[in-house]
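Trainee: just a sequence and a predicted model for now, questions to come.
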Amino acid sequence: MKLRSVRTHFTHYVQKSLLQVESVARDSVVDDSKVHPDPHPRRRVGRGRAASDFGKDQRGLLISASAFGACFMVATLLGAGWVDVAPAHPLSAGPCGTASKPPAKYKHVVWIVMENKSYSAVIGSTTAPYINRLAKACGVATNFYAESHPSLPNYIAMTSGSTQGITDDMGPSAHPLRAPNIFSQLQGNWRALQESMPSRCARRDSGLYAVRHNPAVYYTNISRQCASRDIPLTYPLNLSARFTFVTPNLCNDMHSCPTGPDLTTQIRTGDNWLSRFLPKVLASRQYKSGSTAVFLTWDEDHGGHIPTLVIAPSTSPGTKSNTKFDHYSLLRTTEQILGIKTYLGSASSARSMRSAFHF
């Protein structure tokens, strides 16, 4: 039996035991003389002890024994590392914790990639109330890192398992890539939704659209697919593809915004956008089916510590993992849950995020 399964069964056992203890305790406060009047009120048991008192003592012993047994098992298995320190979360009405186990096979994965903000600037910040509520309602990787700086190498790394030697933010004409990638692995069953992109598979910057944040257009081995699969973000959302890559525009992804260049405004703008966009994802037929996982990540913060949230029905609310992950971990995990057998580049040796977030 898998460790997670053992933990789940044990948690259910402890909860059942404690409920039994509570039930016995509740019953014990009932006055027996009212429920079962004693026809011999002067009858004694032992030295001056009433029969009803003796029955209460028996129930007291049962309560003590049951509570001691449950507590002893908790302490023993906690010490052995078989049970998580965090309390078990009941199934919730939120986006996470609604399923006790992940589906046998995921049908859809959605990535939403934000820009240039550190973990400490977002997680715990009052400027990002929606993101922080979501982190508490689902899961957050507290030790997640980018691969490089500036942006483009990270977008290429997360989709191909390598930076492919790129160290700048130049366009597809400067970096035509034939490397295998998550898009080519899915053989056309993918979609990139690019906010403010002027036309399908646009290979040049335009207004608030930055081509460096659209990795699919760099891969020449999917150029035919790109024309139909790399499209402007429109509503209602179409999340029917096995893999959907979402890029907000330069204002909404926290990169920079004409209405306010300061850090606080950038974060608040991105948080507001997510508060409108993510509920649409979570209300979709795909997510409600229980077979969709959503990842909210950032590209980089000068190659440093960045936020990453995991949203899936079987992820317990408030889950945190301090395991060191990176974009290669994200790629490996996505390949894994979509049933792809070959892991690209550094994803082959990266840690999977599945067990940490139970999905």
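Mentor: Right, received. Where do you want to start?

Trainee: which pLDDT value does the model give the nearest residue to residue 145 once chain neighbours are set aside?
Mentor: Among residues not flanking residue 145 along the chain, residue 326 sits closest, at 4.9 Å (Cβ to Cβ, 6 or more residues apart in numbering). The way it works is simple: take the backbone N, C-alpha and C, and place the C-beta from them, glycine included. Looking at residue 326, its pLDDT reads 98.

Trainee: count of neighbours near the closest residue to residue 107 other than its chain neighbours?
Mentor: Distance criterion Cβ to Cβ, 6+ apart; nearest residue to residue 107, sequence neighbours excluded, is residue 291 at 4.2 Å. Neighbourhood size, residue 291 [other Cβ atoms under 10 Å]: 18.

Trainee: contacts only, for residue 291.
Mentor: Residues in contact with residue 291 (Cβ atoms under 8 Å, 6 or more residues apart in numbering) are 103, 105-108.

Trainee: switch the cut-off to 6 Å
Mentor: By Cβ atoms under 6 Å, 6 or more residues apart in numbering, the residues touching residue 291 are 103, 106-107.

Trainee: same check on residue 196?
Mentor: Here residue 196 is in contact with 207-209, 249 (Cβ under 6 Å, 6+ apart).

Trainee: which among those end up buried?
Mentor: 208-209, 249 (16 or more other Cβ atoms under 10 Å).

Trainee: which of these sits closest to residue 283?
Mentor: residue 249 (22.2 Å; Cβ to Cβ).

Trainee: how much space separates that closest one from residue 233?
Mentor: Residue 249 is 8 Å from residue 233, where distance means Cβ to Cβ, to the nearest Å.

Trainee: which neighbours do those two share?
Mentor: Listed as contacting both residue 249 and residue 233 by Cβ under 6 Å, 6+ apart are residue 195.

Trainee: and residue 136, how many residues sit next to it?
Mentor: Applying other Cβ under 10 Å, we find 15 residues neighbouring residue 136.

Trainee: start at 43 instead
Mentor: Okay, residue one is now 43; in that scheme the one you just asked about reads as residue 178.

Trainee: so it: helix, strand or coil?
Mentor: helix (DSSP: H, G, I helix; E, B strand; the rest coil).

Trainee: to what extent is the residue nearest to it when sequence neighbours are not counted buried, counted in neighbours?
Mentor: Leaving aside its sequence neighbours, residue 178 sits nearest to residue 360 (Cβ to Cβ, 6+ apart; 5.7 Å). Residue 360 is flanked by 16 other residues according to other Cβ under 10 Å.
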